[in-house]
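Enquirer: Sequence below, structure please.
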Amino acid sequence: MISCRTLGELEVLVDGRPPDPDLGLKPVALLLYLAHTARGSRAKEDLISVFWADAREPNQSLSQAQFLLRMHAGVGITETAAGQIRLDRATIDLDTTRFDALAAQGRWADAAALVAGPFLDGCKPRGAPGFEDWVAAERPRWNGKCVDAMVRHAEDLMAGGAAEPALSVARRAAELAPNSNQVERVRLTALWLLGRRDEALEGHRHFAKRLADDLGTPEPATQALVDRIERGRAPSPGPTKKSEPKRRAPLVGREHQLRMICDSFARCRRDRDPVLALVLGDPGSGKTRFLEEVVGRAQLEGAASAVIHAVPSDVTAPGSGLVALAEGGLLDVPGVPSAPAPALAALAARSLDWKERFPGRGGLELPALPRAFVEVVRGAATEQPVLLVVDDAHWMDPESLLALAALPRDLAHRPVMVLLAASADPPHPALDQMRARVGRDQPGATVTLDLLGPKDLAALARWALPRYDAEEIDRLVRRVQADSGGLPLIAFELISGVASGLDLRPAGKGVWPASRRTLYDTFPGELPDAVVGAVRVSFRRLGADAQQALVAVAVLGERVPRRAVARATGLPDERLDRALDELEWQRWLVAERRGYAFLARIIRDIAIEMKTPGQRARLLERAGLEPQEPPA
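Expert: Reported below is the predicted structural model:
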């Protein structure tokens, strides 16, 4: 059996080994020419014109090629009475045949894995210009099929939250089709989801210039995507140093849940009917990271989004959640001014930002805040889909939560999605009622983010530590599984700590955990335990000002205004802004109009312990604030 790889540089194996050198390239080219013919046969005259047009004894050359294929490769080639040369397909294995079979089954990952480059790249048998002409004619067809498979594979990867592998696939596809708008859109989307907005736009400028040199322009769909990226803010963290590329962890173990939520939003846009979706999980299960992924996709699809992060103090502030959503993204939506004037005035009465945008509305009879919010969202949804997102919704005030639960009923025939993330425990009556309705009398979806299993942790470890071999990854996964219990927040910090802060290889001390010490070799470094150690390693990677600001926010409360951080730290405005930006990019803090809050309580608890009681007291004194402890 002879096997030929043609999607890239030609590679030939006979029974798994390189062929006898006496076989030569031209007989193999003859074989490939026959194999890519519909019936596996060609007229003898056709083969002679392609391969031996200038030969003195073309018939003898053809016979010699058939003999060499039978002798050295076991290929069955026969000549019929009608003067046809026929190939026995059972004696040859072609990557193109396997590619077509995989593509027909929709197995895009497997099909894309077969692509190593342009069809028969560099294959030029001597004295066969006709074969070179045939390859030149076939190459665009195969390149197109390969690019399509790689684009579909990349889209599948992104649908499962794996934007970085998708970007790698898109770059491979661009090598085959550098001017493909389809490939460019995949590249742009992947970079956006990775938070690399500037890189996406810079690359597109080169793409557009390349098209312009060929008297072309980007397709409308590509330009629309670029416009949305230019208007938006990338949803993911940046680098710790300017010289480092931005990397965002793949959304491992969440592929099915992500597809369910994205499919619900797709139906909302298509059918123009509101939907309600819930994301449930324990603290540290990755709800915030999951929401970021959904929001990033929605923005690229042209949706307006409002995103807030509720904290315990919101529970006792009626209507605070609706006002925060109004300030957190709705204000700039083009359709909002079409809302009734009383509704705009009602929000302006609760928000200075809205009052500045919609002044002079006195003398109107103002509706209740929930009704005003409904009308504003209705106006926003007249021009584009709207996504309303609340993280830690179990801390939202009851008035706002009930209003969001009623939105799908009040906004029939409007493309609006309410997406709430909350802790699964303790029970929350309002959220439990929503959960009971979803999928029964309310379109939408409910997903639960479970703990990460060994397979998911291994995928995360391979992403973070590409130099580790299979055995080292296995040891690391077992140690991380034991220390984190599969909680994504802690698992990510542990693995990131090994990758970035405590990689022991350069010092010649081996890898962590050591062989045969997987179950009891504690996290390396002068740290009290693995969880605190991982957070502290990441903390030490921050700049000095960012460290100071982070501890101040931890000590001062659940949500801390910028001015309080400034008073506590004494940092000048420019340095404080840079520090807070770094903390937000690195996903330590989330910034809202009402202040800064930690994305994870456990990190706040650890950060507080980085100061002595006396130091904490002095921070509070300088800030003039009392700590905001969560309700019992």
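Enquirer: gap between H394 and A445?
Expert: To A445, H394 is 18 Å away according to Cβ to Cβ, to the nearest Å. The way it works is simple: take the backbone N, C-alpha and C, and place the C-beta from them, glycine included.
Enquirer: Quick check: L388 vs W354, distance?
Expert: Applying Cβ to Cβ to L388 and W354 gives a distance of 16 Å.
Enquirer: Next: A393.
Expert: 23 Å.
Enquirer: Tell me which of those two has more neighbours.
Expert: Higher neighbour count among A393 and W354: A393, with 29 against 23, using other Cβ atoms under 10 Å.
Enquirer: and the end-to-end length of stretch 380-390?
Expert: 18 Å (Cα to Cα, to the nearest Å).
Enquirer: cool, stretch 335-347 as well?
Expert: 15 Å.
Enquirer: now the helices for the stretch 251-400 of the chain?
Expert: 255-271, 287-300, 320-325, 341-348, 352-357, 369-380, 398-410 (DSSP state H, counting those that start in this stretch).
Enquirer: Count the neighbours of G40 for me.
Expert: 16.
Enquirer: Excluding covalently adjacent residues, which one is nearest to it?
Expert: Spatially, and ignoring its direct neighbours in sequence, G40 is nearest to L87 (4.3 Å; Cβ to Cβ, 6 or more residues apart in numbering).
Enquirer: what stretches of the stretch 51-200 of the chain score poorly on pLDDT?
Expert: Across the stretch 51-200 of the chain, nothing is flagged by pLDDT under 70.
Enquirer: moving C-terminal of the one helix or strand A568 maps to, what's the next helix or strand?
Expert: Secondary structure assigned from DSSP states H and E places A568 in helix 562-569. Counting by DSSP H and E, the next helix or strand C-terminal to helix 562-569 is helix 573-585.
Enquirer: helices and strands around that following helix, which ones?
Expert: Other elements packing on helix 573-585 under the criterion 3 or more Cβ pairs under 8 Å, 6 or more residues apart in numbering; DSSP states H and E are helix 544-556, helix 562-569, strand 589-592, strand 595-598.
Enquirer: The residue nearest to G40: neighbouring residues, count only.
Expert: Residues near L87, counting by other Cβ under 10 Å: 23.
Enquirer: That one contacts A35, correct?
Expert: Yes. At 6.0 Å, L87 counts as touching A35 under the criterion of Cβ atoms under 8 Å.
Enquirer: Now do the top helix by length along the chain: which elements does it pack against?
Expert: For the chain, the helix that runs over the most residues, judged by DSSP state H, is helix 129-159. The contact analysis (3+ Cβ pairs under 8 Å, 6+ apart) places helix 129-159 against helix 25-35, helix 44-51, helix 95-104, helix 108-113, helix 163-176, helix 181-193, helix 255-271.
Enquirer: Let's have those in JSON lines, adding distance to D432 and mean neighbour count.
Expert: Shown next, in JSON lines, are these (distance: least, Cβ to Cβ, whole Å; neighbours: other Cβ atoms under 10 Å):
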{"stretch": "helix 25-35", "distance to D432": "62", "mean neighbour count": "22"}
{"stretch": "helix 44-51", "distance to D432": "73", "mean neighbour count": "17"}
{"stretch": "helix 95-104", "distance to D432": "45", "mean neighbour count": "16"}
{"stretch": "helix 108-113", "distance to D432": "39", "mean neighbour count": "20"}
{"stretch": "helix 163-176", "distance to D432": "34", "mean neighbour count": "22"}
{"stretch": "helix 181-193", "distance to D432": "32", "mean neighbour count": "24"}
{"stretch": "helix 255-271", "distance to D432": "19", "mean neighbour count": "18"}
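Enquirer: got a markdown table for these, with distance to A422 too?
Expert: Below are those laid out as a markdown table (distance: least, Cβ to Cβ, whole Å):
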| stretch | distance to A422 |
| --- | --- |
| helix 25-35 | 58 |
| helix 44-51 | 68 |
| helix 95-104 | 41 |
| helix 108-113 | 34 |
| helix 163-176 | 26 |
| helix 181-193 | 24 |
| helix 255-271 | 14 |
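Enquirer: Nearest residue to the middle of the chain?
Expert: A163 (3.3 Å; Cα atoms, centre = their mean).
Enquirer: OK, contacts around that residue?
Expert: Neighbour list for A163: L157, T189, A190, L193, L194, R248, P250 [criterion: Cβ atoms under 8 Å, 6 or more residues apart in numbering].
Enquirer: 7 Å - rerun?
Expert: Counting by Cβ atoms under 7 Å, 6 or more residues apart in numbering, A163 makes contact with A190, L193, L194, R248.
Enquirer: and if you look at L25?
Expert: Per Cβ under 7 Å, 6+ apart, neighbours of L25: P125.
Enquirer: hmm, try it at 8 Å
Expert: C123, P125, R126.
Enquirer: likewise G328?
Expert: A306, V307, I308, E592, R593.
Enquirer: does N181 really touch P220, like I thought?
Expert: No. Between N181 and P220 there is no contact under Cβ under 8 Å: 9.4 Å.
Enquirer: ok, so of the contacts of A163, who is nearest L62?
Expert: A190 (49.3 Å; Cβ to Cβ).
Enquirer: And the nearest residue to that closest one once chain neighbours are set aside, how close does it get to I495?
Expert: Leaving out its chain neighbours, the residue that sits closest to A190 by Cβ to Cβ, 6+ apart is L167, at 3.9 Å. Per Cβ to Cβ, L167 is found 21 Å from I495.
Enquirer: same deal with A348?
Expert: In terms of Cβ to Cβ, A348 sits 47 Å off from I495.
Enquirer: ok, for L404, nearest residue in space, not its chain neighbours?
Expert: Nearest to L404 is V418, by Cβ to Cβ, 6+ apart, at 5.0 Å.
Enquirer: is it fair to say the one you found lies in a strand?
Expert: Yes. With DSSP: H, G, I helix; E, B strand; the rest coil as the criterion, V418 is located in a strand.
Enquirer: which ones are touching it?
Expert: P274, V275, L276, A277, L388, L404, A405, L407, P408.
Enquirer: Just to check, the third one is in contact with G444?
Expert: This points to L276. Yes. L276 lies in contact with G444 (Cβ under 8 Å); the separation is 4.1 Å.
Enquirer: Mutual contacts of those two, please.
Expert: What both L276 and G444 touch, as defined by Cβ under 8 Å, 6+ apart, is the set P408, M417, V438.
Enquirer: Looking at these, which one is closest to L114?
Expert: M417 (38.4 Å).
Enquirer: what bridges to that closest one?
Expert: Here M417 sits in beta bridges with V275, L387, going by DSSP bridges.
Enquirer: Read off the pLDDT value for it.
Expert: Note for M417: predicted pLDDT of 96.
Enquirer: what's the answer for G624, then?
Expert: 81.
Enquirer: And the one 3 residues further on, by the same measure?
Expert: What the model reports for P627 is a pLDDT of 50.
Enquirer: Out of the shared contacts of L276 and G444, grab the one that's most surrounded.
Expert: Neighbour-wise, those (other Cβ under 10 Å) top out at M417, 28 neighbours.
Enquirer: was I right about it contacting V377?
Expert: No. Applying Cβ under 8 Å, one finds M417 not in contact with V377, separated by 10.9 Å.
Enquirer: which residues do the two both contact?
Expert: With Cβ under 8 Å, 6+ apart as the test, M417 and V377 both reach V386, L388.
Enquirer: tell me the domain ranges of the chain?
Expert: 2-136, 156-231, 255-448, 454-539, 542-623 (automatic domain parsing).
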